[in-house]
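K.L.:
One predicted model, sequence on top.
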Amino acid sequence: MKKLHITILLGTAREGRLSEHIANFLYTEIASREDVTIELVDVKDHLSGRTIPPWEENDDTKVWKNIVAKTDGFIIVSPEYNHGYPGELKILLDQEHDAYRGKPVIVAAVSAGILGGSRLIEHIQPVLSEIGMIFLPFSLRFDNVQTFLDEKGNVTRKDEYLSRIKKTIDALVLYMKRLEGVATELQTHKK
Ligand SMILES: Cc1cc2nc3c(=O)[nH]c(=O)nc-3n(C[C@H](O)[C@H](O)[C@H](O)COP(=O)(O)O)c2cc1C
């Protein structure tokens, strides 16, 4: 049976970003599952520096389009910047349009404060809905990210995170299974 495919998208290219720890942690946890395949995509590897609309294809945007095409469900790991999400994440998302349709997405929000990026979730939700993703109300919030790892590089609140992550990924996978084929069918329905 074909395994469904999850793409984790790390949405900041900031030098020294702490969100990278969260993306790596999620990757490791999901990689241990037998029911899905997983890929970590870094927005840093897709920096075009300007908006390239979906109809203006080039060799770089083709890479992202291929990733979207093969993905059944997304996890977007994003820090909160001025209550929003990083511009480079929006530029990358804007490179594709129809191929997102019918694919479930979970946001893993990251911040140095106590709210765990809650405000960026509110800003990104309408964007993800507009491009046709199925936004799931199971966002993960990683607050106080500067204490995520201890001085030895171990995750400090591992048990707490693991139980939340398992429930969330179980929900994502359930949606992916139920929506399999819907996304393909939706490609033929132009808005
Ligand atoms: C440009 C910028 C704006 C930021 N704005 C916020 C904010 O609105 N709310 C917040 O909780 N943290 C904010 N932060 C701090 C981030 O939460 C912090 O950098 C954290 O480590 C996550 O981002 P990182 O992956 O870039 O490290 C901001 C950081 C930057 C670089």
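P.N.:
Everything's here; your move. Note that the coordinates shown come from a computational prediction; the quantities given were computed from them, not determined experimentally.
K.L.:
all contacts plus neighbour counts: C-alpha atoms, from now on.
P.N.:
OK.
K.L.:
Name the surrounding residues that touch the helix-or-strand element of the chain with minimal mean pLDDT.
P.N.:
Within the chain, no helix or strand scores below helix 182-187, which has a mean of 85 by mean pLDDT, DSSP states H and E. Contacts to helix 182-187, defined as CA atoms under 8 Å, 6 or more residues apart in numbering, come from residues 98-103.
K.L.:
For the residues you listed, pick the one with the most neighbours.
P.N.:
Neighbours here mean other CA atoms under 10 Å. Within the contacts of helix 182-187, the largest count is held by Tyr100, at 28 neighbours.
K.L.:
Now do the same contact list for His5.
P.N.:
Contacts of His5 (CA under 8 Å, 6+ apart): 36-39, 70-73.
K.L.:
between those, which is nearest the ligand?
P.N.:
Distances from the ligand to these, taken as CA to the nearest ligand atom, are shortest for Glu39 (19.0 Å).
K.L.:
Surely the closest one forms part of a strand?
P.N.:
Yes: assignment of Glu39 by DSSP: H, G, I helix; E, B strand; the rest coil places it within a strand.
K.L.:
my guess is it contacts Thr7, does it?
P.N.:
Yes: when contacts are counted by CA atoms under 8 Å, Glu39 is listed as touching Thr7 (5.0 Å).
K.L.:
more neighbours, the two?
P.N.:
Thr7 (21 against 16).
K.L.:
per-residue pLDDT, the more buried one?
P.N.:
On the pLDDT scale, Thr7 is placed at 98.
K.L.:
ok now the lengthiest helix in the chain, how far from the chain's centre?
P.N.:
In the chain, ranked by residue count with DSSP state H as the criterion, the top helix is helix 158-179. Centroid separation between helix 158-179 and its chain, computed with CA atoms, centre = their mean, to the nearest Å, is 13 Å.
K.L.:
Contacts made by it with the rest, please.
P.N.:
Residues from elsewhere that reach helix 158-179 (CA under 8 Å, 6+ apart): 4, 26, 30, 36, 72-73, 102-106, 136, 138-140.
K.L.:
Ok, stretch 145-155 next?
P.N.:
18-19, 21, 110-113, 156-157.
K.L.:
Any regions of the protein where pLDDT drops low?
P.N.:
190-191 (pLDDT under 70).
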